[in-house]
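Enquirer: I'd like to go over a predicted model; first the sequence, then the structure.
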Amino acid sequence: MSSGATLETKIQFHSESEPLPGSLFNRVGHSSMSMAGKPGFNGLSTRDWTLLSASVFSSREVSSARNEFHKEHGATFPLALAERAISLYAGEDDTVLDPFLGTGTTIIAACKLNRKGIGFELYDRFAFIARNLLEEEKTQRNMRASIGQDRVLNTDDLKIVEGDCLELIKELEGNSIQLTFTSPPYADFIHKSVKDREKRAKSTMPSAIVTENKSSVSAYGESDRDFGNLDYESFLISVEELMAEIYRVTKPGGYNVWVVKDYRDTKNLKPYIDVHTGIANAGANVGFFYHDLIIWDQNAQRTLVLNGYPSVFYTNQNHSYLVVLRKPTIKQAKQLEKIFTKNQSEIYGSMKVADLRKILRNRKLAVSGKKSDLISRLVDQDCLEWWRNYDAPQ
């Protein structure tokens with residue numbers, strides 16, 4: 001299809017049972033066709049919203065060319081994947097955060113789509129690459145703006161900060177981020193993968209992932225602040241700590257999307273490590289809704305590998321997940337508060353008066369009154385704490 005093809009043509013192409021072209025999503029919301037209903041929060045029309053709602057993203061839809069700087073990092077996701085997610089979960093002028101920025105894919109996609117962007121990167125060599133690539137994109141944007149083909153770019157709206165994401169995120173204002181889109185370092189799985197690939201490469205029957213796929217993987221660095229240098233249990237603890245901060249800075253109704261892949265560690269008797277569920281649980285533990293799960297099918301880009309032969313059969317994990325979390329809206333939060341109030345009232349109602357007074361003393365609250373008064377006093381304080389954790393205007 002030529003670059004001059006109209007959106008109408010592309011939608012007709014899709015309506016003939018063909019996969020949605022990968023270039024459609026970064027143009028949706030700008031169709032001249034008559035659409036029923038006003039655009040959604042992300043700027044999508046009702047039809048574009050529907051066309052982009054498939055629960056599986058194919059490689060054809062979200063693939064992008066890999067350059068040398070991608071190989072330097074070894075674990076970058078395609079620009080088209082970032083553009084797709086940002087188009088779905090954030091509107092123009094919304095702010096997108098990536099706490100593990102790497103070589104800058106998320107913030108470059110945000111720039112292309114007229115979103116604001118903030119990226120944190122621990123390692124200076126990756127931050128350097130990200131800044132250079134962003135400057136190139138800014139230059140192209142400003143050239144297009146000078147001839148009326150694009151919006152004028154406010155360079156202050158796109159920030160790359162080098163350092164520890166767990167510390168840097170504390171400097172962000174609460175309720176300021178519409179979307180977090182990221183892919184974390186996978187605990188110490190990368191170190192294990194490096195050793196495994198070195199072994200396979202020396203084998204008399206090397207893995208297709210080393211030979212035909214020509215893929216590469218390497219540890220990012222030796223920093224003790226690198227999530228990729230943690231064992232899996234410590235990794236999940238750090239992820240939950242980060243999730244709590246992301247929850248604080250996310251707007252009510254905002255999204256938090258993590259691109260992750262499950263893992264095997266058969267040498268340590270762990271045939272399947274359900275990483276995507278671990279990520280979802282970490283988000284749910286701090287207040288996010290587990291909102292959605294999208295499969296990124298990568299079979300078209302990866303050759304099948306001989307796994308477990310001849311004694312144990314394993315499938316090839318040629319897909320990743322987009323774990324979609326969402327912060328409750330204020331309306332939803334009020335509904336959750338009612339449920340929370342009811343549950344707390346039942347818990348306190350089952351306790352003895354002496355135990356309730358003990359809790360009140362520990363909280364430095366008044367201990368006088370009937371049992372119902374004591375329960376009410378405790379529940380009221382619990383609800384205030386609940387709203388503080390929600391961190392949004394009541």
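Expert: Sure, I can see it.

Enquirer: what's the neighbour count on residue 113?
Expert: Neighbours of residue 113 under the rule other CB atoms under 10 Å: 22. For every residue, glycine as well, the C-beta is placed using N, CA and C.

Enquirer: Now residue 225. Nearest residue, chain neighbours left out?
Expert: residue 164 (4.6 Å; CB to CB, 6 or more residues apart in numbering).

Enquirer: ok, now which ones touch residue 270?
Expert: Shown in contact with residue 270 (CB atoms under 8 Å, 6 or more residues apart in numbering): residue 264.

Enquirer: who's in contact with the residue nearest to residue 225?
Expert: Going by CB under 8 Å, 6+ apart, the list of residues near residue 164 reads 120, 122, 225.

Enquirer: quick one: the first one and residue 106 touch, right?
Expert: Just to be clear, that refers to residue 120. No: Residue 120 lies out of contact with residue 106 (CB atoms under 8 Å); the separation is 10.6 Å.

Enquirer: and for those two, which residues touch both?
Expert: Common neighbours of residue 120 and residue 106 (CB under 8 Å, 6+ apart) are residue 98.

Enquirer: Counting neighbours, go ahead and name the busier of the two.
Expert: residue 106 (33 against 23).

Enquirer: Quick check: the more buried one touching residue 183?
Expert: No: Residue 106 is not in contact with residue 183 according to CB under 8 Å; the separation is 9.0 Å.

Enquirer: coming back round to it: filter the contacts of residue 164 down to the ones in strands?
Expert: Those of the contacts of residue 164 mapping onto strands are residue 120, per DSSP state E.

Enquirer: Using JSON lines, lay out the contacts of residue 164 together with distance to residue 316 and pLDDT.
Expert: Shown next, in JSON lines, are the contacts of residue 164 (distance: CB to CB, whole Å; pLDDT from 0 to 100):
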{"residue": "120", "distance to residue 316": "33", "pLDDT": "98"}
{"residue": "122", "distance to residue 316": "31", "pLDDT": "97"}
{"residue": "225", "distance to residue 316": "33", "pLDDT": "93"}
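
Enquirer: CSV please, covering the contacts of residue 164 and showing distance to residue 339.
Expert: Converted to CSV, the contacts of residue 164 look like this (distance: CB to CB, whole Å):
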residue, distance to residue 339
120, 35
122, 39
225, 37
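
Enquirer: nearest to residue 306, of the contacts of residue 164?
Expert: residue 122 (35.6 Å; CB to CB).

Enquirer: how many neighbours does that closest one have?
Expert: For residue 122, using other CB under 10 Å, the count is 23.

Enquirer: what's it in contact with, if anything?
Expert: Per CB under 8 Å, 6+ apart, neighbours of residue 122: 100, 162, 163, 164, 165, 220, 221, 223, 225, 226.

Enquirer: Looking at the last one now. What's its pLDDT?
Expert: Okay, so that is residue 226. Confidence at residue 226, expressed as pLDDT, is 95.

Enquirer: List the contacts of it.
Expert: Counting by CB under 8 Å, 6+ apart, residue 226 has contacts 122, 123, 185, 220.

Enquirer: how about the helices in the protein?
Expert: Under the criterion DSSP state H, helices of the chain are mapped to 7-15, 46-51, 59-62, 68-73, 79-89, 105-112, 124-146, 165-168, 189-202, 232-249, 275-285, 330-349, 353-362, 371-390.

Enquirer: Pick the most deeply packed of those.
Expert: When the helices of the chain are scored by mean count of other CB atoms under 10 Å, the highest mean neighbour count falls to helix 105-112 (a mean of 26).

Enquirer: quick one: low-confidence parts of this protein?
Expert: 1-36, 65-75, 187-188, 190-219, 392-394 (pLDDT under 70).

Enquirer: Show me how it divides into domains.
Expert: 1-53, 64-327, 332-390 (automatic domain parsing).

Enquirer: circling back to that earlier point, okay, the contacts of residue 122 in TSV with distance to residue 362 next?
Expert: Below are these laid out as TSV (distance: CB to CB, whole Å):
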residue	distance to residue 362
100	40
162	43
163	38
164	35
165	35
220	45
221	45
223	40
225	36
226	40
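
Enquirer: The residues you listed in strands, which ones?
Expert: Within these, residues falling in strands by DSSP E are residue 162.

Enquirer: Only the buried subset of the contacts of residue 122, as a ChimeraX command please.
Expert: Buried residues among the contacts of residue 122 (16 or more other CB atoms under 10 Å), as a ChimeraX selection:
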select :100,162,165,220,226
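
Enquirer: correct me, but residue 157 touches residue 114?
Expert: No: if you go by CB under 8 Å, residue 157 and residue 114 don't touch, sitting 9.4 Å apart.

Enquirer: how long is stretch 322-331 end to end?
Expert: One end of stretch 322-331 sits 26 Å from the other (CA to CA, to the nearest Å).

Enquirer: which ones are touching the spatially closest residue to residue 330 that is not a sequence neighbour?
Expert: Leaving out its chain neighbours, the residue that sits closest to residue 330 by CB to CB, 6+ apart is residue 252, at 5.1 Å. The contact partners of residue 252, taken as CB under 8 Å, 6+ apart, are 175, 327, 328, 329, 330, 333, 392.
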